[in-house]
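Chemist: Build me a structure from this.
(one chain, ligands or ions: 1)
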Amino acid sequence: MKKYTLPVSRRVQAIAPSATKNMAIEAARIGACVSLGQGVPSFATPPPVVDAMCRVLQKDPSCGKYSLQTGMPALRTRLARLLHEEKNIEADPETEICVTVGGMEALLCTVLTLVDEGDEVILPSPSYASYIEQILLAGGNPVFAPLDKNWGLDLAALEQSITPKTRAIMLCTPGNPTGNALSNEEILALCTLAEQYNLALICDETYDYLVYDNISRISPFSLPRFRERVVLIASLSKKYALTGWRVGWVTASRPLMQEIMKVHDATAICAPTPSQHAALAALEDSSANRQWLAATKAALYKRRDLCCARLERLHDFFSFVPPQGAFYVMARYLFSQEDALSVALRILHEARVITIPTSGFGKGGEGHLRLSFGGEESEINEAFDRMERWLKR
Ligand SMILES: Cc1ncc(COP(=O)(O)O)c(C=O)c1O
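Modeler: Numbering: from 1, shown residues only. Here you go, the predicted structure:
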């Protein structure tokens with residue numbers, strides 16, 4: 001492709017589009033592919049949200065206008081109640097919660113607030129690829145602290161990677177791409193380490209609703225001793241199948257939120273108001289919503305079992321750690337010495353299956369493909385049928 005000739009900022013030159021999006025673009029070009037790629041649950045927008053939106057669009061003339069920068073008061077109040085009920089968090093909806101354009105904007109605003117040129121941010125890795133790009137965009141340096149072979153925290157390695165330039169630890173649990181869910185002991189150890197070295201802890205809880213062992217996890221923001229240094233990132237995208245509506249939120253202590261808000265104002269002004277209405281409808285405490293959520297979670301549990309069973313059938317070709325949360329599994333390929341991108345591209349072109357090479361997810365992801373089981377069972381089966389035929393050809 002022709003290179004753009006006017007100067008482009010060093011920050012932008014330092015970053016790259018994520019492998020997830022690149023694989024989807026390549027798949028669209030070649031056509032007839034099935035996907036174990038992008039992290040999108042297959043479900044349509046929940047019917048109660050669709051109904052509520054039709055009413056809102058017809059009856060509320062303000063729904064197409066900006067909301068307050070921090071988001072609609074009714075939504076922030078609902079989020080504060082949800083944080084209290086689900087995570088035992090006390091957060092002031094007026095000053096400590098801000099609705100954002102998906103979890104992604106919450107992450108970017110946080111990183112731009114905390115990271116200066118040359119600062120280091122530690123990523124237990126492999127980690128969500130966009131963290132890396134966001135840190136680079138802020139002029140910072142991602143420092144990878146590889147997880148252990150079961151994708152648990154290697155606390156000693158993490159502590160060794162702390163330097164005087166370290167500003168924050170950024171993590172996602174349950175994890176994308178590993179499917180790991182940190183234990184309460186690991187979460188507490190991380191909080192203590194952050195306190196000892198005076199670091200911020202950016203906790204991405206996008207997949208908090210999907211933990212397969214059903215053991216409830218501590219959210220660091222719920223612990224008064226640590227809350228000043230914790231930023232909680234949350235999203236409605238995956239839990240309520242609202243990926244396209246672009247609505248998430250950030251929770252931080254008041255003084256830090258005042259700083260984060262400056263970035264939010266400069267980038268987005270506010271999250272889309274119609275999407276905030278959609279979020280409010282999704283969060284309404286109704287039996288229709290409860291049933292929808294229970295059914296979609298049950299479907300994802302089944303898809304996890306299906307994906308693991310299909311991988312087990314291919315044990316000569318892949319090894320894996322069964323996921324404890326989210327809808328991803330890291331499949332370590334045993335049939336090739338090639339790098340993950342080459343293997344994923346071969347599977348794409350020759351088997352017409354989208355997988356995500358995890359080489360772009362930071363140290364520790366080499367030799368793996370991330371498989372998502374957010375799709376329908378029929379798509380998961382078709383993808384594995386194709387891979388099985390290709391592997392045994
Ligand atoms: C770990 C993690 N955080 C944040 C996001 C962004 O989610 P949103 O759609 O809310 O911007 C994703 C999306 O895949 C994700 O996997």
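
Chemist: CA atoms for contacts and neighbours, from now on please.
Modeler: Fine.

Chemist: Return the residues of the stretch 51-200 of the chain in contact with the ligand.
Modeler: Gly102, Gly103, Met104, Tyr128, Cys172, Asn176 (C-alpha under 6 Å from any ligand atom).

Chemist: swap in the stretch 201-350 of the chain?
Modeler: Thr206, Ser235, Ser237, Thr243, Arg246, Gly248.

Chemist: residues touching the second one, list them.
Modeler: Applying C-alpha atoms under 8 Å, 6 or more residues apart in numbering to Ser235 gives the contacts Gly102, Gly103, Glu205, Thr206, Val247, Gly248, Trp249.

Chemist: That one bridge partners, please.
Modeler: Note on Ser235: beta-bridge partners Gly248, judged by DSSP bridges.

Chemist: So which of the residues of the stretch 51-200 of the chain next to the ligand is surrounded by the most neighbours?
Modeler: Asn176 (28 neighbours; other C-alpha atoms under 10 Å).

Chemist: okay, it: pLDDT?
Modeler: Looking at Asn176, its pLDDT is 96.

Chemist: wait, what's in contact with the residue lying closest to it once chain neighbours are set aside?
Modeler: Nearest residue to Asn176 in three dimensions, chain neighbours excluded: Tyr128, at 5.6 Å (C-alpha to C-alpha, 6 or more residues apart in numbering). Applying C-alpha under 8 Å, 6+ apart to Tyr128 gives the contacts Cys172, Gly175, Asn176, Pro177, Phe361.

Chemist: wait, does stretch 20-32 contact the ligand?
Modeler: No: Stretch 20-32 is not in contact with the ligand by C-alpha under 6 Å from any ligand atom; minimum separation 9.3 Å.

Chemist: quick check, distance from that stretch to the centre of its chain.
Modeler: 21 Å (C-alpha atoms, centre = their mean, to the nearest Å).

Chemist: Toward the C-terminus, what is the element adjacent to the lowest-mean-pLDDT helix or strand in the chain?
Modeler: The helix or strand of the chain with the poorest confidence is helix 19-30; it has a mean of 89 (mean pLDDT, DSSP states H and E). Following helix 19-30 in sequence order, the next helix or strand is strand 34-35 (DSSP states H and E).

Chemist: Tell me which other helices or strands that following strand touches.
Modeler: Helices and strands touching strand 34-35, as assessed by 3 or more C-alpha pairs under 8 Å, 6 or more residues apart in numbering; DSSP states H and E, comprise strand 353-354, helix 377-391.

Chemist: Let me have those in a markdown table, extended by mean pLDDT and mean neighbour count.
Modeler: Output for the helices and strands packed on strand 34-35, formatted as a markdown table (pLDDT from 0 to 100; neighbours: other C-alpha atoms under 10 Å):
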| stretch | mean pLDDT | mean neighbour count |
| --- | --- | --- |
| strand 353-354 | 98 | 28 |
| helix 377-391 | 97 | 16 |
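
Chemist: can you tell me how far whatever residue of the stretch 151-300 of the chain ends up closest to the ligand sits from Glu133?
Modeler: Residue nearest to the ligand within the stretch 151-300 of the chain: Ser235 (4.3 Å; C-alpha to the nearest ligand atom). The gap separating Ser235 from Glu133 is 19 Å, by C-alpha to C-alpha, to the nearest Å.

Chemist: again, but for Glu228
Modeler: 25 Å.

Chemist: Then Ala14?
Modeler: 8 Å.

Chemist: Kindly report the same for Glu376.
Modeler: 30 Å.

Chemist: who has more neighbours, these two?
Modeler: Glu133 (22 against 16).

Chemist: does that one really touch Ile15, like I thought?
Modeler: Yes: in this structure, Glu133 is within contact of Ile15 by C-alpha atoms under 8 Å, at 5.4 Å.

Chemist: can you map out the strands along the stretch 101-250 of the chain?
Modeler: 120-125, 141-146, 166-172, 200-204, 230-235, 248-251 (DSSP state E, counting those that start in this stretch).

Chemist: Give me the angle between the fourth one and strand 166-172.
Modeler: In this case it means strand 200-204. Counting by axes from the mean of the first three to the mean of the last three C-alpha atoms, to 10 degrees, strand 200-204 points 20 degrees away from the direction of strand 166-172.

Chemist: which strands and helices sit next to strand 200-204?
Modeler: Looks like strand 200-204 contacts strand 166-172, helix 184-196, strand 230-235 (3+ C-alpha pairs under 8 Å, 6+ apart).

Chemist: Between strand 120-125 and that strand, find me the angle.
Modeler: Using the same axes, to 10 degrees: strand 200-204 against strand 120-125 is 40 degrees.

Chemist: How far off centre is strand 200-204?
Modeler: 13 Å.

Chemist: swap in the longest one?
Modeler: Mean-position distance between strand 166-172 and its chain equals 15 Å (C-alpha atoms, centre = their mean).

Chemist: Direction included, what does that strand pair against?
Modeler: Strand pairing (DSSP bridges) places strand 166-172 next to strand 120-125 (parallel), strand 200-204 (parallel).

Chemist: hey, which of these is tucked in deepest?
Modeler: strand 120-125 (a mean of 26; mean count of other C-alpha atoms under 10 Å).

Chemist: Render the CA-only coordinates of that one in CSV, please.
Modeler: Provided in CSV are the C-alpha atoms of strand 120-125 (Å, rounded to 0.1, in the frame of the first residue of the first chain):
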residue,chain,number,x,y,z
GLU,A,120,6.4,2.2,32.1
VAL,A,121,3.2,0.2,32.5
ILE,A,122,3.4,-3.4,33.5
LEU,A,123,1.2,-5.9,31.6
PRO,A,124,0.8,-9.4,32.9
SER,A,125,1.0,-11.0,29.5
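
Chemist: ok, and what's touching it?
Modeler: 115, 135, 140-147, 153, 158, 161-162, 165-171, 361-365.

Chemist: Thanks again, I'm all set now.
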